[in-house]
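In: test case, fold it:
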Amino acid sequence: MPRESITCFEGLPNELIYEVFKCLDYFHVYKAFFNLNLRFHDLITNSSLPIEINISSMSKSEYQQYYSDIIETRTHRINSLCLSNIFVCGLVQSPIRILSTFCQLGRLIVDNIQSKYLENLLLQLMSLSSLTSLTIISLDDVNNTNLICRQIFRLPALTYCKLSMRNYRDHDVLIPSTTDSYSPIEHLIIDNDLDLSQIYSLLSYVPQLRRLSLQRPSVSWKQRANTSPPTLKHLTHVSLNLDRISFDRFEEIVKNLFSTIQVLYTSIEYNTDDAYKDSRKWEQLILYHMPNLRVFDIRDVRKATHTTDNNNLPILDNHTNQFTSSVWIKKQWFFALQHYKLGFGSRQIFYSTCPYRYE
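Out: Numbers count the residues shown, from 1 in each chain. Model prediction:
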């Protein structure tokens, strides 16, 4: 091959090099090219392309240099920021201290943050009119989760929010329901230990909600006096962890909140309430209170209670076999039951094999 036909990376036009940069972690781009030569230094510093910052597995010295060269001087270009390194929040050179200058920031993920930094973080976010996605995962107990939630609900452009805040001390504190202060959030994921009234109060702030995921509802999932369920006219997708919730409590929230949903994902592990195995209860709940449901996905793990026949094959649970009526066949929802050994005992998993209804 003639030597003049061979093209090295540095010989590519700027437009192609920028396309390559888009496919790489920006820290790797910085490490590889920032000090390579004047051309690449200028390509990085003079570009108008948005920057996605991911601060996870880097040393403290690497971060401090990265902060000085890129983060502090390019805040107007940063549209995504992921902080998952514990040491970062406590530094003088922390992005949290200058978040209000990130005028193009659209997505923020803060993982393993200590609770003492949360209030300042949210104060910084109030001026960000482009922030549409927020994830907060705390490292320790959060004493003022209600205040934190109310500040989050004031963010003007937020449409996606995921919260995982340890809040054992606030378990009995109820955030006031609202009738005049609403959030634009459409997708909400809550991984907190909340009872039913706390859930109702939080949901009163998000009338535009379309997707809801409750990962850790409280074992004391009960409705307190003077609380009532909000109206969620746009809710279509729900994901629930029902490990510690009785079927009666689950039925209550379905009747109060889920009349419009189209998709339901449920995960149940070692719940001793046999009502979850009763197909007739499910049929009544779906037909009368979730009439628009088109996707029903269930995964129920529990201790096996089966016996064996003369050939030592398991005899399946009679309750589980009931999920074969005309209701399930008409909707084309089908299920399977699997048994497996675990230590000295055995387990069974009842799960959807075809959760989608074909129109």
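
In: shouldn't residue 33 be in contact with residue 42?
Out: No. Applying Cβ atoms under 8 Å as the test, residue 33 and residue 42 come out as separate, 10.5 Å apart. The C-beta positions use only the backbone N, C-alpha and C, and glycine is treated the same way.

In: comparing the two, which shows the higher neighbour count?
Out: Between residue 33 and residue 42, counted using other Cβ atoms under 10 Å, the more crowded position is residue 33 (19 against 11).

In: which non-adjacent residue is nearest that one?
Out: Nearest non-adjacent residue to residue 33, counting by Cβ to Cβ, 6 or more residues apart in numbering: residue 40, 4.1 Å away.

In: next, the one you found: phi, psi?
Out: Reported as degrees, to the nearest 10, the phi and psi values for residue 40 are phi -70, psi -30.

In: where's it relative to residue 22, distance?
Out: For residue 40, the distance to residue 22 equals 15 Å [Cβ to Cβ, to the nearest Å].

In: and if you look at residue 133?
Out: In terms of Cβ to Cβ, residue 133 sits 19 Å off from residue 22.

In: more neighbours: these two, which one.
Out: residue 133 (17 against 11).

In: who does the more buried one form a beta bridge with?
Out: As for beta bridges, residue 133 partners with residue 107, residue 160 under DSSP bridges.

In: wait, isn't it in contact with residue 125?
Out: No. Applying Cβ under 8 Å, one finds residue 133 not in contact with residue 125, separated by 11.7 Å.

In: mutual contacts of those two, please.
Out: Jointly contacting residue 133 and residue 125 under the rule Cβ atoms under 8 Å, 6 or more residues apart in numbering are residue 108.

In: what does the pLDDT read for residue 41?
Out: Residue 41 is assigned a predicted lDDT (pLDDT) of 94.

In: quick one, strands of the stretch 251-359 of the chain?
Out: Assigned by DSSP state E, counting those that start in this stretch, the stretch 251-359 of the chain shows strands spanning 263-269, 295-303, 334-342, 345-354.

In: need these in a markdown table with mean neighbour count, mean pLDDT and distance to residue 192, can you?
Out: As requested, those are arranged in a markdown table below (neighbours: other Cβ atoms under 10 Å; pLDDT from 0 to 100; distance: least, Cβ to Cβ, whole Å):
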| stretch | mean neighbour count | mean pLDDT | distance to residue 192 |
| --- | --- | --- | --- |
| strand 263-269 | 18 | 95 | 17 |
| strand 295-303 | 17 | 92 | 22 |
| strand 334-342 | 13 | 84 | 30 |
| strand 345-354 | 15 | 86 | 26 |
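
In: good, wrapping up.
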